[in-house]
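Show me how the following folds:
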Amino acid sequence: MSTEQIEQLVKRTQVEYSRIAGEPVEAQQIGSAIYVFGSELATLRLFRKMPNKRQGYSANLERFYFTFDIPF
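Next up, the predicted model:
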């Protein structure tokens with residue numbers, strides 16, 4: 001994937017996942033993954049819809065996240 005395609009994926013992810021979570025979330029590319037940051041409830045809602053992905057809490061950032069690898 002090109003850099004432009006990844007940027008578009010991040011933007012689409014943020015819009016779509018905000019809709020699924022029922023509240024605003026923030027999507028970022030970190031390494032070879034997309035991380036979606038939001039409230040604990042928002043990330044758990046995403047995990048419920050897509051249980052094959054990862055959900056957790058970053059002690060460094062003090063934020064909850066939902067993540068998946070970028071499909072290359």
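
mean confidence for the lengthiest helix in the chain?
When the chain is parsed with DSSP state H, its longest helix is helix 3-21. Helix 3-21 shows a mean pLDDT of 95.

Stretch 39-51 too?
96.

Now the residue sitting nearest the centre point of the chain: closest residue in space that isn't a chain neighbour?
The centroid of the chain falls nearest to Val36 when counting by CA atoms, centre = their mean (2.3 Å). Excluding its sequence neighbours, the residue lying closest to Val36 (CB to CB, 6 or more residues apart in numbering) is Phe66, at 4.5 Å. In short, each C-beta sits where N, CA and C put it, glycine included.

State the distance from Ala59 to Tyr35.
15 Å (CB to CB, to the nearest Å).

Those two: who's more crowded?
More neighbours surround Tyr35 than the other of Ala59 and Tyr35, with 20 against 7 (other CB atoms under 10 Å).

does the more buried one sit in a helix, a strand or a coil?
strand (DSSP: H, G, I helix; E, B strand; the rest coil).
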